[in-house]
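K.L.:
return a 3D structure for these sequence lines:
(one chain, ligands or ions: 2)
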Amino acid sequence: MKLMAIVLAAGQGKRMKSKLYKVLHPVAGKPMVGHVVDTLKQIDVTRTMVIVGFGAEAVQSYLGDQVEYALQEKQCGTGHAVLQAKDLLGDEDGMTVVICGDTPLISDVTLKNTIELHQRSGASATILTAKLDEPQGYGRVIRGEDGRVARIVEQKDCNSEEAAVQEINTGTYIFDNRKLFKALGSVTNNNAQNEYYLTDVVGIMTSAGETVQGYCMADAAESIGVNDRVALAEAERLFKVRINREHMLNGVTIVDPANTYIERDVVIGADTVLLPGTILRGKTIIGEQCTIGPQTEIIDSVVKDDVTIKQSVLQEAYVDNEASVGPFAYLRPGADIGKQVKIGDFVEIKNAKLGDGSKVSHLSYVGDAIVGTNVNIGCGAITVNYDGFNKNLTEIGNDAFVGSNVNLIAPVKIGNGAYVVAGSTITHAVNDGDLAIARERQTNKPGYADKIKGRMKAKKENKATKE
Ligand code: UD1
Ligand code: CA
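P.N.:
Ligands and ions are numbered 1, 2, ... in the order given. Next up is the predicted model:
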């Protein structure tokens, strides 16, 4: 049967007290509404309609054309929000998942289970519910004697008996599409908030003799609806527990899961060890048998197998097999680190390729450069890539040796096997196999140290007697 979805994302989210629209607040590095749309993709929904209102442009520019949109100009409640999809979806036969943009943890498995019950029982609607010790703030699910759902009562409309019910509405539902839009026509705003509640559809359907089922999720942690920053932090924590657990079950060692932050789209190979304080973000891919951390942040980067990265920051970098990075290295966009390369302490690499086996061991900046294989870049050596107007390229050939504290004034080319003497400031190309030295020749003056000290001392005493 055709499966469609409506995502409610038009609310302002007043309780967030934020300039950012609620559904765009990130959890595990991704806006909440992005998680919901990703999960709908996992259950093969054919059409997804996102109801936008507050921040419509921002939500649309984030989600792009992977979904369709309906505009809710005035936020008159969740029922009114769903009604905005009527023109686009109202005439379709099939099932419709309605889900809130602020419930990022609901999983594909739970949605599949809800749909399964819905189909098996032939219900007109199935509510995804959860049992909570503290149900405050959520709509309560009131079941009849037959165990089916009779109605949903919002927190603000609950009497004391209803408020004591611990089964809550997660805001996710499976509906027979045509029956949904038919029932929505009868919803009124006669309630504590003067809003058109989607939840009233349940009572309308049961009164009309339709069957409404409730599927209670196995893990109540999925149910969290993020209305304020306290819930946002809790959603973040719950996501972390889920993501870390998945990686551990896939063979990744996480030494301190409470202090390891991995965003949803990150991929990690088996036998990789994550030490405390590791943060893996965006589209990062980590290979097998790596050791990452402690205190390391990796964003949108690719790290191959058997790599060690300590106390470092990587962004849009590529690190090949058996390389070692850090402690305290900074790999910026375009850093392309070859196999068995060593990037040591206080080294910054930007838009530079380092060939296999090369070493930049301490205190260097390599930017806008192409470095060959087995090159040694000495302590403190830097590429001088920026002249105040343009970024210029430095090329260093295979097996070259760049001594300590060398300045390579770009654009400049160092040949294969060339040797640049420590302390040189290089402004001209060095050919293959040549040695370059570019520094003032040293002069020593025998015994001059004592002489100059004596002269200084006398000057000081002279000044003191005058005063
Ligand atoms: C809603 C449910 C409640 C449920 C809870 C689960 C209703 C009336 N209540 O309450 O039973 O326990 O979710 O988290 O449905 N929205 C619109 N347009 C509107 C109003 C809201 O698009 O006019 C969107 C919001 O952006 C949000 C979602 O609908 O993503 C839910 O709205 P919210 O105000 O957060 O409802 P709750 O009070 O949490
Ligand atoms: Ca909510």
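
K.L.:
low-confidence ranges, the stretch 1-150 of the chain, go.
P.N.:
Within the stretch 1-150 of the chain, not a single segment meets pLDDT under 70.

K.L.:
buried set for stretch 232-251?
P.N.:
Within stretch 232-251, the residues scored as buried using 16 or more other CB atoms under 10 Å are 232, 234, 235, 236, 238, 239, 240, 242, 243, 244, 247. (Each C-beta comes from the backbone N, C-alpha and C, glycine too.)

K.L.:
output the residues you listed as JSON lines; include the columns pLDDT, distance to ligand 1 and secondary structure.
P.N.:
Formatted as JSON lines, the buried residues of stretch 232-251 follow (pLDDT from 0 to 100; distance: CB to the nearest ligand atom, whole Å; DSSP: H, G, I helix; E, B strand; the rest coil):
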{"residue": "232", "pLDDT": "98", "distance to ligand 1": "13", "secondary structure": "helix"}
{"residue": "234", "pLDDT": "97", "distance to ligand 1": "13", "secondary structure": "helix"}
{"residue": "235", "pLDDT": "98", "distance to ligand 1": "11", "secondary structure": "helix"}
{"residue": "236", "pLDDT": "97", "distance to ligand 1": "17", "secondary structure": "helix"}
{"residue": "238", "pLDDT": "97", "distance to ligand 1": "14", "secondary structure": "helix"}
{"residue": "239", "pLDDT": "97", "distance to ligand 1": "16", "secondary structure": "helix"}
{"residue": "240", "pLDDT": "97", "distance to ligand 1": "20", "secondary structure": "helix"}
{"residue": "242", "pLDDT": "96", "distance to ligand 1": "18", "secondary structure": "helix"}
{"residue": "243", "pLDDT": "97", "distance to ligand 1": "22", "secondary structure": "helix"}
{"residue": "244", "pLDDT": "98", "distance to ligand 1": "25", "secondary structure": "helix"}
{"residue": "247", "pLDDT": "98", "distance to ligand 1": "28", "secondary structure": "helix"}
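
K.L.:
residue numbers of this protein in contact with ligand 2?
P.N.:
Residues of the chain lying near ligand 2 by CB under 5 Å from the ion: 102, 225, 227.

K.L.:
got the phi/psi numbers for the first one?
P.N.:
Backbone dihedrals for residue 102, given as degrees, to the nearest 10, come out at phi -110, psi 20.

K.L.:
number of nearby residues for it?
P.N.:
Neighbourhood size, residue 102 [other CB atoms under 10 Å]: 25.

K.L.:
could you find the closest non-adjacent residue to it?
P.N.:
Spatial nearest neighbour of residue 102, chain neighbours left out: residue 226 (4.7 Å); criterion: CB to CB, 6 or more residues apart in numbering.

K.L.:
how near is that neighbour to residue 249?
P.N.:
As judged by CB to CB, to the nearest Å, residue 226 and residue 249 stand 26 Å apart.

K.L.:
all good on my end, thank you.
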